[in-house]
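**Q** Quick one, fold the following:
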Amino acid sequence: MRAGSEPSSALPPALQVDGWRGIPGLVHGFFGRSGGVSDGAWASLNVSEQVGDAPSAVAANRERIGRCFPGMTWARMHQVHGVRVVRVGSADEPIGDADGMISATRGLALAVSTADCVPILCVAPAAGTVMALHAGWRGTLGGVATAGLAEAEAWLGIPPAAWRVAMGPSIGGCCYEVETRIGEQLVDRWGAMPDAWYPAGIHGRLDLRAANRAILLAHGVPASQITAVGPCTSCESHRYFSHRRSGGRAGRQLSGIGWAA
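**A** Here you go, the predicted structure:
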C-alpha cells in the first residue's frame, strides 16, 4: 500500500451540518485531505489533476468520495476566482469557467474544490434546490455569494431568505494576511466588516468566512440560517490542504451537495 493510502473499504471522512441531517434526500459533505491514496504534498485525498498529482490517484480519490454519494453523478466547474454562477441540469452539460452552480436535479452532486478558499454549500429545502459556490478573496470582493442569490431568484424565484448556507473549512483571519488595498476595496464595496477585516499598516488580516457571512446577511439571508463548519485550513494543514501554509504546493479538497436520486 502506498504511503498516505487508506484501506480500500474505508469511506473518507467528511464534515456535515447537524441541522441539515433531517432534510429529506439531501446529501452533502466537506471533505478534508485524509482518506485517499495520493502521496507527498498531495496526501492523501487530493481531487485536482492540476497540481502535479498522478491522474490515477486523483481518479481513485474521486471514486472514494463518490461512494459517500451513492448513485449520484458529479458536476464540476473550472474555477477561476470569478462570480459566474450557472444553472446545471445534468453532469453532461458543459459548464466551463464558473465559481458557482445551482441545481434542482435529483442524482446530481455539485462539487467545489478548495485549498484555503471558502467552499459555500447552500440548500433551499422548500424549493428543492441546492447551490455550491467557491469564494477566495477575489470572489468575495466580486460578490459571488450575491451573484448566486440573484441568479437563483431570477431563474427560479427563490428569495434569499429561503436559503440555508454552510461555509466549510477555509483559511481564517488568524492566518490570512493580504494587502491593505484588498481590505479597503472590500469595505468600500460591501460596507464595514469589523469581524472580517483587521487592517495593520500595509497589510491586514482577512477572515473570508466572516466577510461572506456579512455579505449574505446584508442581502437577506437570515443569521440563523448561516453557519461555519470546520477549522482554519492553515492552522489545521495536517487535516486540510492549505495553499498558503504549503507555499503553493498543495492538493485540493472537495465539498459537495446534491439530492439523492
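**Q** List the residues that contact residue 218.
**A** For residue 218, the contact set (C-beta atoms under 8 Å, 6 or more residues apart in numbering) comprises 190-191. In this view, the C-beta of every residue, glycine as well, is placed from N, C-alpha and C.
**Q** wait, isn't residue 75 in contact with residue 98?
**A** No. The criterion here is C-beta atoms under 8 Å, and residue 75 misses it with residue 98 at 10.0 Å.
**Q** Looking at the two, which is more packed in?
**A** Legend: neighbour count by other C-beta atoms under 10 Å for residue 75 and residue 98, higher for residue 75 (23 against 20).
**Q** Let me know the pLDDT of that one.
**A** The per-residue pLDDT reported for residue 75 equals 98.
**Q** what sits opposite it in the beta ladder?
**A** Bridge pairing for residue 75 (DSSP bridges) gives the partners residue 110.
**Q** now the one 10 residues further on
**A** The bridge-partner assignment for residue 85, based on DSSP bridges, gives residue 100.
**Q** Okay, it and residue 235: tell me how far apart.
**A** Residue 85 sits 30 Å away from residue 235, going by C-beta to C-beta, to the nearest Å.
**Q** do the same with residue 211
**A** According to C-beta to C-beta, residue 211 stands 18 Å off from residue 235.
**Q** for residue 50, same thing?
**A** Using C-beta to C-beta, residue 50 is found at 25 Å from residue 235.
**Q** neighbour count winner among those two?
**A** residue 235 (16 against 9).
**Q** Next, the nearest residue to residue 99 once chain neighbours are set aside: secondary structure please.
**A** Counting by C-beta to C-beta, 6 or more residues apart in numbering, residue 134 is the residue found nearest to residue 99 once chain neighbours are left out, at 4.5 Å. At residue 134, secondary structure determined by DSSP: H, G, I helix; E, B strand; the rest coil is strand.
**Q** Surely residue 196 and residue 207 touch.
**A** Yes. With contact taken as C-beta under 8 Å, residue 196 and residue 207 are classed as touching, separated by 4.7 Å.
**Q** Find residues that contact each of those two.
**A** residue 173.
**Q** Okay, and residue 147 sits in which element?
**A** Assigned by DSSP states H and E, residue 147 falls within helix 144-156.
**Q** just checking, what packs against that helix?
**A** With contacts taken as 3 or more C-beta pairs under 8 Å, 6 or more residues apart in numbering; DSSP states H and E, helix 144-156 sits against strand 85-87, strand 100-103, strand 118-124, strand 129-135, helix 208-218.
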